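**Q** just coords:
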Ligand SMILES: NC(=O)c1ccc[n+]([C@@H]2O[C@H](COP(=O)([O-])OP(=O)(O)OC[C@H]3O[C@@H](n4cnc5c(N)ncnc54)[C@H](O)[C@@H]3O)[C@@H](O)[C@H]2O)c1
């Protein structure tokens, strides 16, 4: 059993890449860490809990506290066991980082139902299910009069909030995670829970095929592509200084962090009664011309003209 002050975090998909970086930084900052990972391949196939155990060993080797969990985050009962693991081993839960993910890229015209469903399931249900169980625990704590200062940090992607070809399944799931972040932030603030999301960019096994010709970085230089660059923002969002920050999405790569600004109502018109389709010929082209263009893949809004 831990001291009352030690905060406890669950990081999903924490055996590799970005999630591993989160788990190690949380441990360095004194958190007890539940290292979740089912050890899947990039496409979601296979599974072994070995890699999660390696991260646990690394944390224990640093003098930190960690426990491995091999549940599939997209399995509702598995997600309940995951939240239960934090309570069983450390007696509490303070932070949930939903990071686990897979890729099954394909152009829409060739995409199978299985490729669609597996990606939507792991990302979207795999964010919903742990959050649902963690939030139920925090609501009970709140009802029992115990102070709750909890955090959920989700993982979206530029693919979801700005778009990327070949990733309609992944981008739809990631856009869903951004919407889930905004809505659950509204619902959960009454219990003392904030919900934010990060849209990271880093070189991991998920993205290494995008640039196979990339030169090996010089280990003495800062590498903006390193996956552990994402962790400081995530750990900050988990901390006391971020208590009032909720419903936000952050872009992060290397040392660059920006706030992703969401959808907003642009130029509009209200006739006060039903339009005919023909009348809209005179109205819609003008509205579209006045409206800001969608941001490009980097999140930068092109200037018109
Ligand atoms: N790498 C990038 O540039 C980038 C960009 C945008 C978003 N992301 C997101 O960041 C997150 C981490 O990605 P990464 O690049 O570190 O990839 P990664 O493949 O290195 O790590 C993902 C981890 O999730 C685990 N996992 C997969 N399905 C799981 C499940 N059902 N239950 C539990 N664990 C599961 C895998 O075993 C793996 O260890 C993902 O959500 C990804 O979509 C990454």
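**A** Structure's in. What do you need? A quick note: this is a predicted structure, and the numbers were derived from the prediction, not measured. Numbers count the residues shown, from 1 in each chain.
**Q** who touches the helix-or-strand element of the chain with minimal mean pLDDT?
**A** When each helix and strand of the chain is scored by mean pLDDT, DSSP states H and E, helix 50-61 comes last, with a mean of 94. For helix 50-61, the surrounding residues in contact (Cβ atoms under 8 Å, 6 or more residues apart in numbering) are 14-16, 20, 23-24, 27, 33, 35-37, 39, 65-70. C-beta here means a position set from N, CA and C on the backbone, and glycine is covered the same way.
**Q** try it again with 10 Å
**A** For helix 50-61, the surrounding residues in contact (Cβ atoms under 10 Å, 6 or more residues apart in numbering) are 11, 13-16, 19-20, 23-24, 26-28, 31-40, 49, 64-70.
**Q** burial measure for residue 50, as a count.
**A** 12 (other Cβ atoms under 10 Å).
**Q** before we move on, the earlier item: restricted to strands, list the contacts of helix 50-61.
**A** Applying DSSP state E to the contacts of helix 50-61, the entries found in strands are 11, 32, 33, 34, 35, 36, 66, 67, 68, 69.
**Q** run through the residues of the chain sitting next to the ligand.
**A** Within the chain, the positions near the ligand by Cβ under 6 Å from any ligand atom are 12-13, 15-19, 36-40, 42, 44, 72-74, 99-102, 122, 126, 155, 157, 200-202, 204-207, 227.
**Q** buried subset of those residues?
**A** Applying a neighbour-count criterion of 16 or more other Cβ atoms under 10 Å, the buried members of those are 12-13, 15-19, 36-40, 42, 44, 72-74, 99-102, 122, 126, 155, 157, 200-202, 204, 206-207, 227.
**Q** if I look at residue 231, how far off is the ligand?
**A** Distance check for residue 231 against the ligand: by Cβ to the nearest ligand atom, to the nearest Å, it reads 11 Å.
**Q** before we move on, the earlier item: tell me the one among the ones in strands among the contacts of helix 50-61 nearest to the ligand.
**A** For those, the closest approach to the ligand (Cβ to the nearest ligand atom) belongs to residue 36, at 5.7 Å.
**Q** pass me the low-pLDDT residue ranges in this structure, would you?
**A** 1-4, 47-49, 210-213, 304-305 (pLDDT under 70).
**Q** how is this structure partitioned into domains?
**A** 8-260, 265-305 (automatic domain parsing).
**Q** winner for burial among those?
**A** Of all the domains of the chain, domain 8-260 has the most neighbours on average by mean count of other Cβ atoms under 10 Å, namely a mean of 19.
**Q** distance between the ends of that one?
**A** 28 Å (Cα to Cα, to the nearest Å).
**Q** phi, psi of the closest residue in space to residue 260 that isn't next to it in sequence?
**A** Of all residues not flanking residue 260 in the chain, residue 249 sits nearest, at 4.1 Å (Cβ to Cβ, 6 or more residues apart in numbering). Phi and psi for residue 249, reported as degrees, to the nearest 10, are phi -120, psi 130.
**Q** use 50 as the first number from now on
**A** Right, with 50 as the first residue, what we last looked at is residue 298.
**Q** settle this for me: residue 298 is touching residue 310, isn't it.
**A** Yes - if you go by Cβ atoms under 10 Å, residue 298 and residue 310 touch, sitting 8.7 Å apart.
**Q** identify the contacts common to those two.
**A** Counting by Cβ under 10 Å, 6+ apart, the common neighbours of residue 298 and residue 310 are residue 210.
**Q** now the stretch 150-299 of the chain against the ligand: closest residue?
**A** residue 150 (2.8 Å).
**Q** how about that residue: what's its closest non-neighbour residue?
**A** residue 172 (5.5 Å).
**Q** what about that neighbour, which SS state?
**A** Residue 172 falls in the helix class when you classify it by DSSP: H, G, I helix; E, B strand; the rest coil.
**Q** contacting residues around it?
**A** Residue 172 makes contacts with 122-123, 147, 149-152, 203-206, 209, 218-219, 221-223, 225-226, as judged by Cβ under 10 Å, 6+ apart.
**Q** one more time with 7 Å, if that's ok
**A** Contact analysis of residue 172 by Cβ atoms under 7 Å, 6 or more residues apart in numbering lists 150, 222, 223, 226.
**Q** among these, which one sits closest to residue 340?
**A** Distance to residue 340 across these (Cβ to Cβ) is lowest for residue 223, with 23.4 Å.
**Q** which SS class is that closest one?
**A** Under three-state DSSP, residue 223 falls in the helix class.
**Q** residue 223 reaches residue 203, doesn't it?
**A** No - assessed by Cβ atoms under 7 Å, residue 223 is found out of contact with residue 203, at 9.4 Å.
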